[in-house]
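Asker: Sequence and predicted structure are below.
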Amino acid sequence: MTTVVSIPGTERRGAGSRPGRRVQSIAGLAAVALIAAACGTGTGSPAASATTTSASPSATGASPSAEPSLAAWEPTGPITIVVPFAAGGPTDTVTRLVAEPMSATLGQQIIVTNVAGAGGTLAAGQVAEAQADGYTVLMHHIGMSTAPSLYPDLPYDPLTSFKTIGLVTEVPMTIVGGTEFAPNTLQELVDHLKANAATVNYANAGIGAASHLCGLLIEQAVGADVTEVEYDGTGPAMDDLLGNQVHFMCDQTTNTTTQIKAGSIKAYAITSPERSDALPDVPTTTEAGLPDVQVRVWHGLYVPAETPDDVVATLTQALQGALTDENVIAKFAELGTTPVSADQATSEAHTAKLQEQIDVWKPLLAGAGS
Ligand code: MLT
């Protein structure tokens, strides 16, 4: 059983044990208004934190050859992609990168908005209830498959409340520490946790987040019960790691690569079987002594279950075009990841992955929930 506490300096970002809940609710309310506006069901204007992409192909730099022909549905207004974690984090980064060429293909603005809270389940619940017209899309990650095991009262069913659009990318995680945290290697971290667990804290984005999942695996592998500090996303958590207000965390390379390369945080290991080309000096967890800590954070796009098939097909085609966009491929590579292949950016492959991952995590997460 882990403990969640608030530590000085986290409250300002809505972090800590419970002050964060209030900020999450406010963010959620703003997003509800925004979703309603995007669906034509409300009068609110987009929240200030939401950003839009241009619909002009020339402005995006998208390669015309990368744009597939559109299926029957032709959107006539802006599309909202809801990110279930805070702005500035890895899910947000991946979403904004693919939204730009998708916008060019679809000929409409894409508004990216952040609805943080409850480890990503708040946003998923809202999108499950949104108008099923293609104008409200959810980007979610591995958390879609772990949530049923972690939340007994989940207000949606990942397999029946949505239609899948396609997979986007699979991102390895890195175990990273603040520059003032004593351990310099993974083995030193393990020894430190065994000796000082009660005084060590790690940051995560709440139960259901990938950072939470990875922390659980570390605790299990080490046999230590470490104190959690919960944030709206690992974007704000990274800010506090950089400021040494938390000791360590486990986060996707899409959020850690730049900071590791700059020497602003310590990298202990990468949670994949192979080293990353983007971080060739960072050992794998297997090399460094924690072979059981293996996580790859897969991402996919979803729409509400009643969304018509032609709408799904159009969004899938736009996603497939985005994943062959040169800028997306280059930016993903810089951040230690790659787009999935075209056969994985399909509804069928995405649904199969979701089902398989629900089955994988269910026995492993028994008793770990809220
Ligand atoms: C984020 O975007 O903040 C992260 O994906 C949260 C997480 O799952 O750790």
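Answerer: Yes, it's here.
Asker: Who are the packing partners of the helix or strand containing residue 330?
Answerer: Element membership for residue 330, per DSSP states H and E: helix 326-334. Contacts defined by 3 or more C-beta pairs under 8 Å, 6 or more residues apart in numbering; DSSP states H and E place helix 326-334 against helix 90-106. Backbone N, C-alpha and C define where each C-beta goes, glycine included.
Asker: just checking, next helix/strand downstream of the helix holding residue 330?
Answerer: helix 347-364.
Asker: Is any residue of that next one near the ligand?
Answerer: No - on the criterion C-beta under 6 Å from any ligand atom, helix 347-364 is out of touch with the ligand, staying 13.7 Å away.
Asker: With stretch 73-90 instead?
Answerer: Yes - contact of stretch 73-90 with the ligand is found when judged by C-beta under 6 Å from any ligand atom, involving 85-86, 89-90.
Asker: export the residues you listed to CSV and tack on pLDDT?
Answerer: Listed next are the residues of stretch 73-90 next to the ligand as CSV, based on pLDDT from 0 to 100:
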residue, pLDDT
85, 98
86, 98
89, 98
90, 98
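Asker: Put the alpha carbons of the lengthiest strand in the chain into CSV.
Answerer: Longest strand in the chain by number of residues, with DSSP state E as the criterion: strand 162-178. Provided in CSV are the C-alpha atoms of strand 162-178 (Å, rounded to 0.1, in the frame of the first residue of the first chain):
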residue,chain,number,x,y,z
PHE,A,162,-15.6,3.9,-27.7
LYS,A,163,-14.7,3.1,-31.3
THR,A,164,-11.0,2.9,-31.9
ILE,A,165,-9.4,5.0,-34.6
GLY,A,166,-5.9,3.5,-34.6
LEU,A,167,-2.7,3.1,-32.6
VAL,A,168,-0.2,6.0,-32.8
THR,A,169,3.1,5.1,-31.1
GLU,A,170,4.7,3.0,-28.4
VAL,A,171,7.0,4.9,-26.1
PRO,A,172,9.6,3.4,-23.7
MET,A,173,9.9,4.9,-20.2
THR,A,174,12.9,6.0,-18.3
ILE,A,175,13.6,5.9,-14.6
VAL,A,176,15.0,9.3,-13.8
GLY,A,177,16.0,11.2,-10.7
GLY,A,178,16.7,14.8,-9.6
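Asker: got the buried residues for stretch 258-271?
Answerer: By 16 or more other C-beta atoms under 10 Å, the buried positions in stretch 258-271 come out as 259-260, 265-271.
Asker: quick revisit: any idea which of the residues of stretch 73-90 next to the ligand has the most stuff around it?
Answerer: Taking other C-beta atoms under 10 Å as the neighbour criterion, residue 85 ranks highest of these with 33 neighbours.
Asker: ok, it touching residue 234?
Answerer: Yes - between residue 85 and residue 234 a contact is recorded at 7.2 Å, counting by C-beta atoms under 8 Å.
Asker: hang on, residue 202 in a helix?
Answerer: No - looking at residue 202 with DSSP: H, G, I helix; E, B strand; the rest coil, it is strand, so not inside a helix.
Asker: so how far is the ligand from residue 185?
Answerer: As judged by C-beta to the nearest ligand atom, to the nearest Å, residue 185 and the ligand stand 23 Å apart.
Asker: Point me to the residue sitting closest to the centre of the chain.
Answerer: residue 91 (3.3 Å; C-alpha atoms, centre = their mean).
Asker: Residue ranges in the stretch 251-370 of the chain under the pLDDT threshold?
Answerer: Segments of the stretch 251-370 of the chain classed as low confidence (criterion: pLDDT under 70) are 369-370.
Asker: please redo it, this time with the cut-off set to 80
Answerer: Screening the stretch 251-370 of the chain residue by residue with the criterion pLDDT under 80, one finds the ranges 367-370.
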